[in-house]
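Student: Below are the sequence and a predicted model for it; my questions follow.
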Amino acid sequence: MSDDLAARLAGNVRQQRQARGLTQQQMAKLSRLPRATWANLESGSANPTLAVLHSVAVALQVSLEELVAQPRADAKRYPRGSLSSRTRGAVTVSSLLPDTVPGMLMERIQIPPGERLVGVPHTPGTREYLTCEVGLIELVASGEAFRVEPGDVVVFRGDQRHSYANLGREPAVGYSVVMLEPVG
């Protein structure tokens, strides 16, 4: 195993264990691996088999990928306007997450008065959730119109034709969460 990969594995395993407030001995018992294996993993001197990595991942309740991935910062601030956004007509659609989450989209939709955004149907089986924060949004989904006021949530099939309109006199802001159905 390369030194860089061994160091990442060691740091990630140690961080995950410490975040749970557990000792190496406790993790050894949970994973049914010798305590010495944990010590070697956390020191960076181990060259574990796939079976050992799997046992570690199961005991920590993380994916194999998380064990060897580049460590992420514990916290990072993203200032207003630093995440991706796009305009469609007069409507601004902004991402709420800096990282890609497989199978999910989370966006903020700002709609000027009198404007409409026509949504693009997603893959079959997709569920979409719309909540309104400010103003009044009319959601038309599958031919049915819903009046969405602050605090309301509407769940609908995102694989159908849908649109969002601001029926009020002030800008409307809503949040859309799209749970994409996996293809295949």
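Tutor: Yes, it's here.

Student: which residues does the spatially most central residue of the chain bridge with?
Tutor: Nearest to the geometric centre of the chain sits residue 101, at 3.8 Å (CA atoms, centre = their mean). Listed beta-bridge partners, residue 101: residue 104 (assigned using DSSP bridges).

Student: do residue 138 as well
Tutor: Beta-bridge partners, per DSSP bridges, of residue 138: residue 147, residue 165.

Student: Got the confidence number for it?
Tutor: In this model, residue 138 is scored at 98, pLDDT.

Student: measure it to residue 126 for me?
Tutor: 21 Å (CB to CB, to the nearest Å). C-beta coordinates here come from the backbone N, C-alpha and C atoms, glycine included.

Student: okay, how far is it across stretch 130-138, tip to tip?
Tutor: End-to-end distance of stretch 130-138 (CA to CA, to the nearest Å): 10 Å.

Student: How about residues contacting it?
Tutor: Stretch 130-138 is contacted by residues 109, 111, 139, 145-154, 156, 164-168, 170-176 when judged by CB atoms under 8 Å, 6 or more residues apart in numbering.

Student: Can you list the buried residues in that stretch?
Tutor: By neighbour count with 16 or more other CB atoms under 10 Å, stretch 130-138 contains the buried residues 130, 131, 132, 135, 136, 137, 138.

Student: all strands of the chain, in order?
Tutor: Per DSSP state E, the chain carries strands over the ranges 85-88, 91-95, 104-111, 116-119, 127-134, 137-141, 144-148, 153-157, 162-166, 172-179.

Student: Indicate which one of those is closest to residue 10.
Tutor: strand 104-111 (31.0 Å; CB to CB).

Student: so what does that closest one touch, helix or strand wise?
Tutor: strand 91-95, strand 162-166, strand 172-179 (3 or more CB pairs under 8 Å, 6 or more residues apart in numbering; DSSP states H and E).
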